[in-house]
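Novice: structure of the sequence below:
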Amino acid sequence: MKSKPVSESCTEAQYLVLPHDTNMLGTIFGGRIMEWIDTIAAIAAFRHAGKVAVTASMDSLHFISPVRLGDVVILKASLNYVRRTSMEIGVKVEAENPFTKERRHTASAYLTFVAIDENKKPSPIPALICESPEEKRRFQSGQKRWEARMQSRPKPNRSS
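Specialist: From the prediction side, this is the model:
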């Protein structure tokens, strides 16, 4: 299986925040942002794996600044770290005022996806080629997050 560079699966999407996306305060529903994050991460995962990949987890999500009705939401997804069948995808979310062009960071998330085969079993994926210093730094950070996830993962109950 041929390794793939990070650039081959980078994905960007933009959405206009409309009334059906907002709450009574005129700010976006957090669940809508979560949906968009999951969707763009899935696209990046499919591009890298070349097959179906499913969401295994999303690390904590913190909303840094509000997204308002009429803002343009920009989501950028990129692979950070890859193991044999799983991959971590980082998603950065920004909101842009379409009149002033001012952008602000509104959220970031790390998601783990697992590639699956036709039998719905984990399936091997290409290794990740990190070309820039930033990609190498994100790979190392992703590896540390993976190790932390493994440490905090619930242990199976073998007594039942």
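Novice: CA only for contacts and neighbour counts going forward, please
Specialist: Will do.
Novice: what strand or helix carries the closest residue to Asp59 other than its chain neighbours?
Specialist: Nearest non-adjacent residue to Asp59, counting by Cα to Cα, 6 or more residues apart in numbering: Tyr110, 5.4 Å away. According to DSSP states H and E, Tyr110 maps onto strand 103-115.
Novice: so how far is Gln151 from the closest residue to Ile43 other than its chain neighbours?
Specialist: Distances taken as Cα to Cα, 6+ apart put Thr11 closest to Ile43, at 7.2 Å, once the chain neighbours are dropped. Look at Thr11 and Gln151: by Cα to Cα, to the nearest Å, they are 30 Å apart.
Novice: who has more neighbours out of these two?
Specialist: Applying other Cα atoms under 10 Å to Thr11 and Gln151 shows that Thr11 carries more neighbours, namely 19 against 10.
Novice: residue contacts, that one?
Specialist: Counting by Cα atoms under 8 Å, 6 or more residues apart in numbering, Thr11 touches Ile40, Ile43, Ala44, Lys76, Ala77, Ser78.
Novice: could I get the phi/psi values of it?
Specialist: phi -140, psi 140 (degrees, to the nearest 10).
Novice: dig out what it forms beta bridges with.
Specialist: Thr11 has these beta-bridge partners by DSSP bridges: Ala77.
Novice: what's the first-to-last distance across stretch 82-100?
Specialist: Termini of stretch 82-100 sit 38 Å apart (Cα to Cα).
Novice: relative to the whole chain's centre, how far out is that stretch?
Specialist: The chain centre lies 5 Å from the centre of stretch 82-100; the measure is Cα atoms, centre = their mean, to the nearest Å.
Novice: tally of neighbours for the residue nearest to Asp59?
Specialist: Tyr110: 24 surrounding residues under other Cα under 10 Å.
Novice: not counting sequence-adjacent ones, nearest residue to Arg68?
Specialist: Per Cα to Cα, 6+ apart, closest to Arg68 is Thr27, 4.4 Å.
Novice: same check on Val114?
Specialist: The nearest residue in space to Val114 (Cα to Cα, 6+ apart) is Ser86, at 4.3 Å.
Novice: show me what contacts the one you found?
Specialist: Here Ser86 is in contact with Thr112, Phe113, Val114, Ala115, Ile125 (Cα under 8 Å, 6+ apart).
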